[in-house]
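> got a predicted model here, sequence first, then my questions.
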Amino acid sequence: MANWQPPILPSTVKYFYGRITREEAEDILKGHGLTEGLYLLRESIGVLGNFAISICHNRNIHHYAIEKQHDGQYRIGQGRKCIGPVELIQHHRSEIDGFITIPTDPCNRLPGQSPIAFRGMTYVDLENALLTMAEKEKIKPESIFGAQRQHLILKVAHDLHLKQPWFHNKISRDEALKRLTRDPDKQNGKFLVRLRDDKKSFALTLMYMNEPRHYIIQKQTDNKLGIPEGPKFDCLLMMIDHYHNKSDGLLCKLTSPCVAPGYDAKKLSKYLESCSNNVSYISHQQGQNMRDDNPRSPIQPKAATSRIPSMKRPLPLAPNEHSSQNGAARGSSLPSPDRPSLPPRKVLERGEWEPPDTEDHDRSKFNMEPVDDKIYDTVPRNKETFNLSRDQIILEGDLGSGQFGSVKKGMCKLRGGKKIPVAVKTLKNEDISGQEEMKKEAEFMSQLVNPYIVRMIGVCSAESIMLVLELLPCGPLNSYLKNHKDTPQWNVCELMWQVAEGMSFLSGKNFVHRDLAARNVLLSNPHTAKISDFGMSKALGREGNYYEASEAGRWPLKWYAPECVYYWKFDTKSDVWSYGVTLWEATSYGEKPYRRMKGQQILEFVENGNRLDKPERCQEDVYQIMLECWQFDKKQRPMFSELAVKMEYQYKSLQGDGY
């Protein structure tokens, strides 16, 4: 133990940039030429104390999470443990040991550029504050580099909001509105925070589409802060820092502060310099001469880029924090504990991922009299009435067919003698165990009562399994919009808002759909949409937060998130990806996504950072919502509750504007 040395502090190496996002890291590396083995170290914006390395290989960028272990050491995946993130990089300079390439070329910060601890605070500021706090608490100075570090960071950060330009202390709601709206800069995400009258909670006010929106920030029983149903934080500074990187329940990310009156000009200048994204800072510095100890100059200076990708800009990709456009990340040399035994490309070559072509439903089959969907609310909800006999069901014409069977129009005679119109889904009678599983899922679905989910009336076991559901006379969303191209965009957004509400309800019940698409959204009238077709749906285990398939099926790849393809794992965030594709279908009036592409082509298209183009009549703000749904890292995708808020705002805003 006498020879033990403390780990190297990341802030002392020039290739450490602090708490920057993956996108910022990629822009920095692109600005420095994407040379082989070029790398930088950054702190995780998610978990305090974790880090990540971003490294270039074959002119692509790959990311590896460096996680702190229970014993205080660090490692990537199942790789070798090291006493610190800098030591881990030093190890990989001689041993590839799970990396895709050797980190040979450090991407150093520019002269005068400090790593960012939090927006408005550099690592130099943080280290000084930690030393002051250690002295105050009579802790040895070296403790700020050891086990006491995170404790001290939380202590230091607790009251730092009082020194920030966005904190306006105790002012009224009306005064907050005045200060925000009289600021000539009304960009989305302009914000301020105030102390509320109770002096225990705060309020966040931000601009979105030229309108102020308010969020209450309350202290929970564990003393953590958060907006209702949002993530919780140890202090206000960390919360605001988080919402600069993710919207996570807000209408948009935070951008620039509405500065409190009388805030010191020098402090403001320092704040703006340290909190601006590193891309802007690099662009400002690129014209200056580089020092001898950092001779590399960027290939092309570039202006600061938006954190939300444009239609033309490829999105950064990295399955499980590893990115590869050339397939190398699927090799055995990379740590991937979640990988299925059969590599994804081999699955695709087998053709298992191509679902049957789904022809548009015949519109004439849905020329029916309107149905008052309130009649289904009168159907008893108990086990006895749920199990239907064959003589209760009268089958009429066909409505459509699919992978699991056909759907027919019919009538259902209730036990009291009343008849109600229904849709009857007849399942293929091939797998006895599958039939039993479908019965259980149908029974589970009967408990999911929501205005935006198709109501399950009951199940009948006859010549085949029959699922009896409410009848929605306007048919599937894609077919309806293809035949009603005069539908205004606000109406389209209204329907997709309802889909988001229904999916928010489902995800709250710990349920994953796995087949969300416009063909599986049915309309009872032009203003009411309901989610249907739960043939592939799964209830998530009480302890698990995802469903893992044991084998690949004939899955709808065009609607699937990358992790479904790579690892056969499905959760709410993979449904969010599907929602983005469904939104694209809706705003393009029933067009087919990736029309000319097959399974392997689609996977390569997405791997290369491409996304579906903005539909012609789609508003830019709605398209931005799609791009958020298509973030490769599922943690970056919005929640369905957040999507519901955004889509409601879009439909009401577009309705008011006459779109």
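It's in. Numbers count the residues shown, from 1 in each chain.
> residue contacts, Ile625?
Gly580, Leu583, Pro638, Leu643, Lys646, Met647, Gln650 (C-beta atoms under 8 Å, 6 or more residues apart in numbering). For glycine as for every other residue, the C-beta is placed from the backbone atoms N, C-alpha and C.
> helix, strand or coil for Val156?
Reduced to three states with DSSP: H, G, I helix; E, B strand; the rest coil, the structure at Val156 is helix.
> and it, how many neighbours?
Neighbours of Val156 under the rule other C-beta atoms under 10 Å: 23.
> list the contacts of it.
By C-beta under 8 Å, 6+ apart, the contact list for Val156 reads Leu126, Ala129, Leu130, Met133.
> measure the residue of the chain most remote from its centre to Ile375 for me?
In terms of distance from the mean C-alpha position of the chain, Gly417 ranks first, at 48.2 Å (C-alpha atoms, centre = their mean). If you measure Gly417 against Ile375 using C-beta to C-beta, to the nearest Å, the figure is 14 Å.
> in the stretch 451-600 of the chain, where is pLDDT below threshold?
For the stretch 451-600 of the chain, applying pLDDT under 70 flags the ranges 463, 534-554, 567.
> which parts of it are strands?
456-461, 465-470, 475-476, 511-512, 521-525, 528-531, 538-539, 547-548, 569-570 (DSSP state E, counting those that start in this stretch).
> could you list the domains of the chain?
The record's domain parsing of the chain by automatic domain parsing lists 10-118+296-322, 347-358+474-657, 372-470.
> how about those domains in TSV, adding distance to Asp222?
Below are the domains of the chain laid out as TSV (distance: least, C-beta to C-beta, whole Å):
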stretch	distance to Asp222
domain 10-118+296-322	16
domain 347-358+474-657	21
domain 372-470	31
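> of those domains, which approaches Pro212 most closely?
Smallest distance to Pro212 across the domains of the chain (C-beta to C-beta): 12.9 Å, for domain 347-358+474-657.
> out of the strands of the stretch 451-600 of the chain, which gets nearest to Ala157?
Among those, strand 569-570 sits nearest to Ala157 (C-beta to C-beta), with 34.5 Å.
> list the strands paired with the closest one, with their directions.
When pairing is defined by DSSP bridges, strand 569-570 lines up against strand 547-548 (antiparallel).
> surely the residue farthest from the centre of the chain forms part of a strand?
No - going by three-state DSSP, the assignment for Gly417 is coil, not a strand.
> which residues does it contact?
Neighbour list for Gly417: empty [criterion: C-beta under 8 Å, 6+ apart].
> how close does it sit to Lys136?
Taking C-beta to C-beta, one finds Gly417 at 80 Å from Lys136.
> likewise Ser532?
61 Å.
> the two: which has the busier surroundings?
Ser532 (25 against 10).
> I'd assumed Met456 was in contact with the more buried one.
No - the criterion here is C-beta atoms under 8 Å, and Ser532 misses it with Met456 at 9.9 Å.
> got any residues that touch both of those two?
Contacts common to Ser532 and Met456, judged by C-beta under 8 Å, 6+ apart, are Leu469.
> by contact count, what packs against the helix or strand encompassing Leu40?
Assigned by DSSP states H and E, Leu40 belongs to strand 38-43. Judged by 3 or more C-beta pairs under 8 Å, 6 or more residues apart in numbering; DSSP states H and E, the packing partners of strand 38-43 are helix 22-31, strand 51-57, helix 85-92, strand 105-106.
> repeat that with 7 Å
In terms of contacts (3 or more C-beta pairs under 7 Å, 6 or more residues apart in numbering; DSSP states H and E), strand 38-43 is packed against helix 22-31, strand 51-57, strand 105-106.
> just these: most buried one?
The highest mean neighbour count among the helices and strands packed on strand 38-43, using mean count of other C-beta atoms under 10 Å, belongs to strand 51-57: a mean of 24.
> direction included, what does that strand pair up with?
Here strand 51-57 is paired, per DSSP bridges, with strand 38-43 (antiparallel), strand 60-68 (antiparallel).
> could these go into a markdown table alongside distance to Thr104?
Converted to a markdown table, the strands paired with strand 51-57 look like this (distance: least, C-beta to C-beta, whole Å):
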| stretch | distance to Thr104 |
| --- | --- |
| strand 38-43 | 8 |
| strand 60-68 | 14 |
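> hey, which of these is tucked in deepest?
strand 38-43 (a mean of 26).
> tell me the angle it makes with helix 22-31.
160 degrees (axes from the mean of the first three to the mean of the last three C-alpha atoms, to 10 degrees).
> okay, buried residues for the longest helix along the chain please.
Assignment by DSSP state H gives helix 489-508 as the longest helix of the chain. By neighbour count on 16 or more other C-beta atoms under 10 Å, the buried set for helix 489-508 is 489-507.
> so which other helices or strands are in contact with that helix?
Applying 3+ C-beta pairs under 7 Å, 6+ apart, one finds that helix 489-508 makes contact with strand 528-531, helix 572-587, helix 640-657.
> ok, now with 8 Å
Counting by 3+ C-beta pairs under 8 Å, 6+ apart, helix 489-508 packs on strand 521-525, strand 528-531, helix 572-587, helix 640-657.
> any idea which of these is most buried?
With neighbours taken as mean count of other C-beta under 10 Å, these reach their highest mean count in helix 572-587, at a mean of 25.
> by contact count, what packs against that one?
If you count contacts as 3+ C-beta pairs under 8 Å, 6+ apart, helix 572-587 packs onto helix 477-483, helix 489-508, strand 511-512, helix 620-629, helix 640-657.
> what's the closest of those to Tyr589?
Per C-beta to C-beta, nearest to Tyr589 of these: helix 477-483, 4.5 Å.
> need the residues that contact that closest one.
The contact list for helix 477-483, computed with C-beta under 8 Å, 6+ apart, reads 360-361, 363, 366, 474, 487, 492, 495, 517-519, 521-523, 526, 529, 582, 585-586, 589-590.
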